[in-house]
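Student: Sequence unavailable; structure follows:
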């Protein structure tokens with residue numbers, strides 16, 4: 001276990017949160033365990049500073065042709081199988097490029113989306129689900145992922161969506177803080193445990209208005225599961 005992250009949690013977020021993150025990781029050594037903090041953001045909640053981006057970058061939804069090209073670059077961390085699966089569901093990818101380099105991206109869906117090989121996230125279709133956010137290591141620290149989300153939020157809102165819906169694991173304090181800084185609002189949690197080979201999944205009542213719950217995918221899944229809603233690696 002890499003303790004540097006937990007040391008950072010203790011130093012930045014205090015004893016209680018540091019202890020929780022350590023206990024959370026320890027539980028996952030025993031069995032699959034996740035607590036997902038559901039959250040939304042609208043244009044009214046968004047801090048408008050995240051709509052500003054340096055002119056050296058170009059932004060927009062990536063075409064299937066672009067995505068298949070970037071999928072061949074392992075540094076982009078979206079393999080061809082994932083891209084084809086996401087495109088088959090109608091998902092879209094909003095990217096930020098510097099020249100021909102894909103600096104940052106995030107994926108967006110309006111239908112139930114796999115979060116693992118065995119689990120699928122459901123949500124109210126009035127919202128657009130944001131997942132698999134990533135920024136290339138050379139471009140981290142510039143809040144590009146947050147800017148990409150803000151610009152995607154603006155675009156989806158113009159198309160009629162209420163806003164973006166996503167989640168962060170409750171032990172991921174850095175991402176929770178980044179989301180709060182943008183203007184995300186937390187609503188409820190979903191707890192997932194698999195202690196004896198069988199899933200136990202519970203959603204808080206606060207998740208109901210958002211249609212936010214996790215369901216086990218029946219039978220064998222051929223989907224390439226995406227990464228969670230908001231990744232810590234993007235350096236937003």
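Tutor: The structure has been received and is ready for your questions. Quick caveat, the model's predicted, so the values are computed rather than measured.
Student: the helices in the chain, which residues?
Tutor: Listed in chain order, the helices of the chain (DSSP state H) span 4-13, 15-30, 64-71, 80-88, 144-158, 173-182.
Student: quick one, the last one and helix 15-30 angle?
Tutor: For helix 173-182 and helix 15-30, the angle between their directions (axes from the mean of the first three to the mean of the last three C-alpha atoms, to 10 degrees) works out to 130 degrees.
Student: any idea which of the helices of the chain is most buried?
Tutor: The highest average neighbour count among these, using mean count of other C-beta atoms under 10 Å, belongs to helix 144-158 at a mean of 22. Just so you know, the C-beta spots here come from the backbone N, C-alpha and C atoms, and that holds for glycine as well.
Student: Show residues contacting that helix.
Tutor: 41-43, 46, 50-53, 57, 59, 61, 94-96, 103-106, 108, 128, 130, 133-135, 163-164, 178, 181-182, 234-236 (C-beta atoms under 8 Å, 6 or more residues apart in numbering).
Student: In ChimeraX, how would I select just the buried ones from these?
Tutor: Filtering the contacts of helix 144-158 down to the buried ones (16 or more other C-beta atoms under 10 Å) takes a single ChimeraX command:
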select :41,42,43,46,50,53,57,59,94,95,96,103,104,105,106,108,128,130,133,134,135,163,164,178,182,234,235,236
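Student: follow-up on the earlier one: closest one to residue 217 among the helices of the chain?
Tutor: Of all the helices of the chain, the one in closest proximity to residue 217, counting by C-beta to C-beta, is helix 80-88 (12.9 Å).
Student: For that closest one, the averaged confidence score.
Tutor: The average of the pLDDT scores along helix 80-88 is 97.
Student: Hey, what's the angle from that helix to helix 64-71? Just curious.
Tutor: Using the same axes, to 10 degrees: helix 80-88 against helix 64-71 is 160 degrees.
Student: Redo the helices of the chain as a markdown table? Include distance to residue 213.
Tutor: Listed next are these as a markdown table, based on distance: least, C-beta to C-beta, whole Å:
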| stretch | distance to residue 213 |
| --- | --- |
| helix 4-13 | 28 |
| helix 15-30 | 21 |
| helix 64-71 | 29 |
| helix 80-88 | 21 |
| helix 144-158 | 22 |
| helix 173-182 | 20 |
